[in-house]
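In: What follows is a predicted structure for the sequence shown.
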Amino acid sequence: PAAAPAPPPVDEAAKAAAKAKKEAEKKDSAAKKEAKASAAGGAELAAAGERAVDVSWLDIRVGHITHAEAHPESDKLYIETIDVGEEAPRQVLSGLAQYLPIEAVRGARVVVLCNLGAKKLGGVESQGMVLCAKNDSGLCFVAPPAGAQPGARVNFEGYPGEPEPNPKRIQKKKAWETCMTELAVNADGVACYKGVPFALPEGNCTATVKGAPIS
């Protein structure tokens with residue numbers, strides 16, 4: 001009988017190329033699926049109102065300290081009554097007694113962080129935080145511009161968005177801790193977040209202690 005014809009020689013290069021093409025198509029398909037899933041996840045976060053943690057999360061308002069007194073059991077704390085534009089004033093405790101005489105606190109115009117949630121300091125409830133600039137040369141209030149009214153919200157150009165209303169989310173996302181490291185007074189005495197001024201229609205917030213972090 002006649003011998004069976006020999007099989008055609010295997011083109012190893014073509015075989016390798018075909019395998020490489022198949023692997024590339026597989027990776028491309030996987031990448032597209034991952035991108036699609038990521039986009040869908042981003043859309044879900046956007047729909048849920050998620051956004052990057054930045055200063056827009058913070059409810060920073062103009063305040064007026066209408067009364068202040070020493071904490072009865074602490075030589076570091078003052079108990080302040082502050083008008084922040086709400087129906088009733090807020091009670092805020094600040095560790096200022098070792099830096100400022102109480103006469104300098106009473107009547108002061110300040111900016112107040114209003115959405116941290118209430119907590120007790122020295123056994124007394126505090127409903128906010130007065131922002132101050134402090135370094136080795138001293139401590140001072142971050143002051144709103146003349147004419148700004150209690151309750152007016154401080155804004156930051158390039159950081160739109162309403163403040164987070166839920167104090168628990170502020171705590172969970174560590175919004176204050178994240179933003180605080182970027183708050184400072186510049187060389188011109190303007191209070192800033194990442195170099196962007198604390199702004200109100202009447203002007204920028206300022207501090208006399210220049211080059212100092214804000215907290």
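Out: Perfect, I can see it now.

In: buried stuff in the top strand by length along the chain?
Out: When the chain is parsed with DSSP state E, its longest strand is strand 60-70. By 16 or more other CB atoms under 10 Å, the buried positions in strand 60-70 come out as 60-65, 68. Bear in mind the C-beta positions are built from the backbone N, C-alpha and C, glycine included.

In: helices and strands around that strand, which ones?
Out: When contacts are defined as 3 or more CB pairs under 8 Å, 6 or more residues apart in numbering; DSSP states H and E, strand 60-70 packs onto strand 78-83, helix 102-105, strand 109-113.

In: thinking again about what came up before, okay, the buried residues of strand 60-70 in JSON lines with distance to residue 98 next?
Out: As requested, these are exported to JSON lines (distance: CB to CB, whole Å):
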{"residue": "60", "distance to residue 98": "24"}
{"residue": "61", "distance to residue 98": "26"}
{"residue": "62", "distance to residue 98": "26"}
{"residue": "63", "distance to residue 98": "21"}
{"residue": "64", "distance to residue 98": "23"}
{"residue": "65", "distance to residue 98": "18"}
{"residue": "68", "distance to residue 98": "15"}
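
In: nearest to residue 181, of those residues?
Out: Using CB to CB, residue 60 is the member of the buried residues of strand 60-70 that lies nearest residue 181, at 15.7 Å.

In: That closest one reaches residue 110, doesn't it?
Out: No: if you go by CB atoms under 8 Å, residue 60 and residue 110 don't touch, sitting 10.5 Å apart.

In: where does the chain have low pLDDT?
Out: Applying pLDDT under 70 to the chain picks out residues 1-49.

In: ok, back up a step: pull up the overlap in contacts between residue 60 and residue 110.
Out: Residues touching both residue 60 and residue 110 by CB atoms under 8 Å, 6 or more residues apart in numbering: residue 131.

In: residue boundaries of the helices in this structure?
Out: Taking DSSP state H, the helices of the chain run over residues 12-47, 102-105, 167-172, 175-180.

In: The residue nearest to residue 186 when sequence neighbours are not counted: what's it in contact with?
Out: For residue 186, ignoring the flanking residues on the chain, the nearest one in space by CB to CB, 6 or more residues apart in numbering is residue 192 at 5.4 Å. Residues in contact with residue 192 (CB under 8 Å, 6+ apart) are 183-186, 198.

In: gap between the longest strand of the chain and the chain center?
Out: In terms of CA atoms, centre = their mean, to the nearest Å, the centre of strand 60-70 is found 22 Å from the chain centre.
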